[in-house]
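In: What shape does this take:
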Amino acid sequence: MTSAKKAPVCVLGTGLIGGSLLRAAAAAGYDGWGYNRSAAGAQAARADGFDVTEDLTTTLQRAAETDALIVVAVPMPAVEHMLSAIATFAPGCALTDVVSVKAPVAAAVHAHGLGDRYVGGHPMAGTAESGWAATDPGLFRDAVWAVGVDEGTHAEPWSRVVRLALDCGAVVVPVVAAEHDRAVARISHLPHVLAEALATAGAAGGELALGLAAGSFRDGTRVAGTAPDLVRAICEPNSTALLEVLDETLRVLGSARDSLRAEQSLAGLVEAGHDARQRYESARRWEITDVRPGAPNWLEDLRAAGKRGGVLSRLG
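Out: Here you go, the predicted structure:
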């Protein structure tokens with residue numbers, strides 16, 4: 001990472017992800033402040049020594065005056081309101097987000113005329129908890145942080161976003177929005193849906209089933225403990241990609257059901273699942289070292305590297 005002076009960071013939304021980012025950025029030496037629509041949430045942050053207010057206009061005016069990097073850290077249903085305010089009060093600031101879906105955010109950003117300074121982002125980290133009380137400055141340590149390399153991305157704001165992610169302890173995976181959304185439908189959004197279904201199936205077995213439940217049920221339903229409104233805000237904006245992988249998964253389950261009925265065997269599903277888990281456990285990241293932001297074909301080179309499992313753990 002570079003030793004250059006760190007630009008200020010303005011975080012809009014100080015729940016689990018945004019609040020953890022504000023904490024991590026402060027620990028890394030950034031001058032940061034934030035906005036939270038909940039007076040209780042803002043007060044909790046202030047009680048811990050962080051500069052968080054419920055005044056969105058003043059927050060953004062400060063960002064404009066200091067050329068801060070603005071981080072949109074609200075659920076997708078609230079993104080439109082944030083972007084409208086940014087377009088009014090801080091249109092010249094570099095802009096990123098930590099929303100769990102990228103293509104709809106990018107479309108909204110461009111609709112508000114903010115595309116030239118925008119770089120999509122998504123840290124792959126979280127817990128089933130929410131709100132300022134759940135925030136953790138170490139949440140992103142060794143996590144993967146997806147950073148957009150879509151056509152038209154500019155090197156200067158991109159470098160600022162990558163540097164922030166790295167300073168928060170993450171490694172960066174370069175990815176375009178549409179491919180990100182298809183991937184997270186499989187490894188983030190589908191698990192939420194399956195966890196909810198599994199939790200429902202367990203509860204339908206009554207007190208005996210819940211009394212016998214142990215590790216596999218606990219681990220398989222962990223994310224079902226997430227607030228329902230937040231799960232919907234995470235999954236529903238990615239409905240097209242999620243529907244595709246849901247259909248695929250239902251076919252796999254249907255085939256397993258048919259095999260169990262006809263042959264009393266789950267061999268096909270169990271063996272394929274075991275092999276897939278082994279592939280996940282043996283996957284190894286490799287360092288992207290030969291791409292310089294702003295150089296000829298830098299976005300194309302980063303896209304290709306990200307697809308092959310490459311990550312950035314340093315910049316410059």
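In: OK, contacts around residue 50?
Out: For residue 50, the contact set (CB atoms under 8 Å, 6 or more residues apart in numbering) comprises 14, 22-23, 26, 32-34. For the C-beta atoms, the positions are set from N, CA and C on the backbone; glycine is no exception.
In: so of those residues, which ones are in strands?
Out: 32-34 (DSSP state E).
In: Name the member of these with the most neighbours.
Out: residue 34 (26 neighbours; other CB atoms under 10 Å).
In: Was I right to think that residue contacts residue 45?
Out: Yes: at 6.8 Å, residue 34 counts as touching residue 45 under the criterion of CB atoms under 8 Å.
In: list the residues that contact both of these two?
Out: Here residue 34 and residue 45 have 14, 19, 22, 52 as joint contacts, going by CB under 8 Å, 6+ apart.
In: Could you say which helix or strand holds residue 173?
Out: strand 171-175 (DSSP states H and E).
In: Just list what that strand packs against, helices and strands only.
Out: In terms of contacts (3 or more CB pairs under 8 Å, 6 or more residues apart in numbering; DSSP states H and E), strand 171-175 is packed against strand 144-148, helix 155-167, helix 298-307, strand 310-311.
In: Of those, flag the one that's most buried.
Out: Ranked by mean neighbour count, the helices and strands packed on strand 171-175 are led by strand 144-148 with a mean of 23 (mean count of other CB atoms under 10 Å).
In: quick one: average pLDDT of that one?
Out: Mean pLDDT, strand 144-148: 97.
In: elements contacting that strand?
Out: Strand 144-148 packs on strand 121-124, helix 155-167, strand 171-175, helix 177-184, going by 3+ CB pairs under 8 Å, 6+ apart.
In: burial count for residue 17?
Out: Residue 17 has 26 neighbouring residues, counting by other CB under 10 Å.
In: what do you get for the one 3 residues further on?
Out: As a burial measure, the neighbour count of residue 20 was computed by other CB under 10 Å and equals 27.
In: So which residues of the stretch 101-250 of the chain form helices?
Out: Along the stretch 101-250 of the chain, counting by DSSP state H, counting those that start in this stretch, helices occupy 103-111, 155-167, 177-184, 190-204, 206-212, 215-220, 228-235, 239-263.
In: Out of those helices, which gets the lowest mean score?
Out: Minimum mean pLDDT among the helices of the stretch 101-250 of the chain: helix 228-235, a mean of 92.
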